[in-house]
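Asks: All I have is the shape, not the residue letters:
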């Protein structure tokens, strides 16, 4: 049996990753630390939206922030975050017979 707290935290992680704009932000940060303005520039998202997402991601311990003078520099909390995203992206880009129909069923399977 799995730890209920770990299951809940894992579900929260996947909820956070369910938003494409958050994935964009995390992909930017997977390249290295960045300020909010750098994330805005690289993603094309608005500054308020980036800040809102970073706050949520920080609350889930997916990103951390370091103050450098008047700037806040964000980075991924650890390598696990990048691995989860990389693995998910690789999985969704695999060629599969049923990919894209939304059923999870092989279109050639007999009923």
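Replies: Structure received. Predicted, not measured: the structure shown is a model, and the values here were computed from it. Residues are numbered from 1 along each chain as shown.
Asks: list the helices and strands the host helix or strand of residue 8 packs on?
Replies: If you go by DSSP states H and E, residue 8 is part of helix 4-16. Identification of packing neighbours for helix 4-16 by 3 or more CB pairs under 8 Å, 6 or more residues apart in numbering; DSSP states H and E yields no helix or strand. For every residue, glycine as well, the C-beta is placed using N, CA and C.
Asks: Apply 10 Å and report the result again.
Replies: Counting contacts by 3 or more CB pairs under 10 Å, 6 or more residues apart in numbering; DSSP states H and E, helix 4-16 is packed against helix 20-30, helix 47-59, helix 79-92.
Asks: hey, least reliable of the ones you listed by pLDDT?
Replies: Looking at the helices and strands packed on helix 4-16, the lowest mean pLDDT belongs to helix 79-92 (a mean of 91).
Asks: in it, what's buried?
Replies: For helix 79-92, the neighbour count (16 or more other CB atoms under 10 Å) marks 81-82, 84-85 as buried.
Asks: picking that back up, now what about the helix holding residue 8, what contacts it?
Replies: Outside helix 4-16, the residues that touch it by CB atoms under 10 Å, 6 or more residues apart in numbering are 1-3, 22-23, 26, 53, 56-57, 59-62, 80-81, 84, 88.
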